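1. kindly return the folded structure for what I paste below:
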Amino acid sequence: MANVLLKLLLLIALRPLAGQPITAGPPKLEAENVFAGEGPSWDPAGWLYFTGRGRISRRDAAGRISTFREAAGGANGTLVDPQGRLIVCEPVARRVTRTERDGSLTVLTDHYQGKRYNSPNDLTIDSRGRIYFSDPRYGDRTGMEMPEAVYRIDAPGQVVRILETEVDRPNGLLVTPDDRYLYVADNNNNKVGGARKLWRFDLLPNGTVRASSGKLIFDWGSARGPDGVKIDRRGRLFVAAGRNQPRPPYETTEKYRGGIFILSPEGKLLEFVPIPQDEVTNCTFGGPDLKTLFITAGGSLWSVPLKESGWRR
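-> Take a look at the predicted model:
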């Protein structure tokens with residue numbers, strides 16, 4: 001009986017509070033035109049990493065920005081693992097790498113069953129340290145050797161494909177704190193009628209996905225679809241999506257503008273954070289209390305204060 005009561009109290013505590021503001025203030029431009037195109041991730045040591053123009057940059061606690069790594073394989077998504085190592089999707093180099101604490105570079109994977117990846121885009125990690133990454137192909141599609149899919153890295157060189165035909169073009173990924181679900185941003189943004197959807201799949205203890213479990217969480221219709229996605233401690237989803245200027249015939253602005261869409265776990269739009277620059281690509285929780293949402297958009301870095309802490313592995 002005590003265990004049942006404890007679980008009930010936990011569910012109540014984690015339930016999103018309907019009608020209450022989630023942000024604590026308006027968006028703030030932190031740094032303009034600093035090649036903040038994608039991939040923000042927070043290092044508890046006080047660094048904020050982001051990518052753009054092929055390089056990896058980082059910002060310190062005082063707001064100073066420096067180059068962490070040049071010629072980084074067209075770096076896109078990044079994450080800092082529990083050991084403080086930076087893991088990076090390199091779409092141009094068609095691989096996923098890890099920068100070790102001593103600065104050396106480990107290639108986690110650059111092929112699957114003898115074939116090269118399309119362009120690794122974004123990634124997430126579970127409580128066991130297994131890394132999940134998406135492999136779409138935007139732009140020029142010549143030279144593709146494999147279908148667009150989602151993979152799991154168990155160790156360097158040990159890779160399993162876990163999703164393929166279940167989504168149109170996988171982009172942002174997120175494993176929930178309890179390892180129960182995998183969210184997939186399905187964004188085919190250069191095809192009229194292509195997917196602009198956020199899906200949730202059951203994630204099994206062995207790191208595979210129950211393919212038939214796909215649940216549609218939100219659909220952006222003809223707008224720019226979801227890119228990066230993060231989750232806070234109440235289970236609310238923070239999704240970068242939308243546009244401020246239309247990109248005919250592929251993306252409209254009729255219903256959804258560019259910004260951060262804060263959704264309930266069931267897909268209800270709780271709050272919208274408008275960002276005036278296109279494209280709003282990704283976000284991450286940062287700061288010593290994880291109450292700052294950092295956002296990459298149009299090559300610039302933005303931030304939004306939050307009332308409650310976000311979550312990072």
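
2. following the one helix or strand S134 maps to, which helix or strand comes up?
-> Using DSSP states H and E, S134 maps to strand 131-135. Per DSSP H and E, strand 131-135 leads on to strand 149-155 as the next helix or strand towards the C-terminus.

3. what's the angle between that following strand and strand 131-135?
-> Angle, strand 149-155 to strand 131-135, by axes from the mean of the first three to the mean of the last three C-alpha atoms, to 10 degrees: 150 degrees.

4. other residues contacting strand 149-155?
-> The contact list for strand 149-155 (C-beta atoms under 8 Å, 6 or more residues apart in numbering) reads 96, 108-109, 112, 130-135, 159-164, 167, 170, 173, 182, 184, 207-209. Every residue, glycine included, has its C-beta placed from N, CA and C.

5. pull the distance from stretch 148-160 to the chain's centre.
-> 17 Å (C-alpha atoms, centre = their mean, to the nearest Å).

6. remind me, longest strand of this protein?
-> strand 209-219 (DSSP state E).

7. helices or strands up against it?
-> strand 158-163, strand 196-203, strand 259-263 (3 or more C-beta pairs under 8 Å, 6 or more residues apart in numbering; DSSP states H and E).

8. distance-wise, check S41 relative to V88.
-> Distance of S41 to V88, computed by C-beta to C-beta, to the nearest Å: 9 Å.

9. which one's more surrounded, these two?
-> V88 (29 against 26; other C-beta atoms under 10 Å).

10. host element of the more buried one?
-> Going by DSSP H and E, V88 is part of strand 86-90.

11. direction included, what does that strand pair up with?
-> strand 78-80 (antiparallel), strand 95-99 (antiparallel) (DSSP bridges).

12. the first one - what's its average pLDDT?
-> Averaging pLDDT along strand 78-80 yields 98.

13. tell me the gap between that strand and the middle of its chain.
-> Worked out by C-alpha atoms, centre = their mean, strand 78-80 lies 10 Å from the chain centre.

14. so which residues make contact with that strand?
-> Contacts of strand 78-80 (C-beta under 8 Å, 6+ apart): 39-44, 47, 49-51, 56, 86-89, 123-125, 131, 313.

15. cool, and the longest one?
-> Residues outside strand 95-99 that contact it (C-beta under 8 Å, 6+ apart): 69, 73, 81, 85-90, 105-110, 117, 120, 123, 131, 133, 153, 156.

16. ok, back up a step: turn the strands paired with strand 86-90 into CSV, columns for mean neighbour count.
-> Below are the strands paired with strand 86-90 laid out as CSV (neighbours: other C-beta atoms under 10 Å):
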stretch, mean neighbour count
strand 78-80, 24
strand 95-99, 21
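
17. D289: which of these is closest?
-> strand 78-80 (16.9 Å; C-beta to C-beta).

18. show me which of the contacts of strand 149-155 are buried.
-> 96, 108-109, 112, 130-135, 159, 162-163, 167, 170, 173, 182, 184, 207, 209 (16 or more other C-beta atoms under 10 Å).

19. where does the prediction get shaky in the chain?
-> 1-19 (pLDDT under 70).

20. show me which positions of stretch 109-121 end up buried.
-> T109, D110, Y112, Y117, N118, S119, P120, N121.

21. now stretch 268-277
-> Quick answer for stretch 268-277 (16+ other C-beta under 10 Å): L270, V273, I275, Q277.

22. now the terminal residues of it, how far apart.
-> Start and end residues of stretch 268-277 are separated by 24 Å (C-alpha to C-alpha, to the nearest Å).

23. is it true that S300 touches L29?
-> Yes: using C-beta atoms under 8 Å, S300 makes contact with L29 at a distance of 6.3 Å.

24. neighbour-wise, which of those two wins?
-> Shown here are S300 and L29; by other C-beta under 10 Å, S300 has more neighbours (20 against 13).

25. please name the bridge partners of that one.
-> Applying DSSP bridges, one finds that S300 bridges with A297.

26. what's near enough to touch it?
-> By C-beta under 8 Å, 6+ apart, the neighbours of S300 are L29, E30, A31, E32, N33, V34, A36, Q277.

27. the third one: neighbour count?
-> Other residues within reach of A31, judged by other C-beta under 10 Å, total 18.

28. tell me the contacts of it?
-> Applying C-beta under 8 Å, 6+ apart, the residues near A31 are R59, G63, I65, S300, L301.

29. how far away is the fourth one from F261?
-> With distances taken as C-beta to C-beta, S300 is found 19 Å from F261.

30. same question, the first one
-> Remark: distance between R59 and F261 (C-beta to C-beta) = 24 Å.

31. can you list the buried residues in stretch 188-206?
-> Applying 16+ other C-beta under 10 Å to stretch 188-206 flags N188, N189, G194, A195, R196, K197, L198, W199, R200, F201, L203 as buried.

32. and the closest residue to the first one other than its chain neighbours, helix, strand or coil?
-> Setting aside the residues directly before and after it, N188 is nearest to G194 in space (C-beta to C-beta, 6 or more residues apart in numbering), at 3.0 Å. When states are read from DSSP: H, G, I helix; E, B strand; the rest coil, the local structure at G194 comes out as coil.

33. since that was my last question, I'll sign off now.
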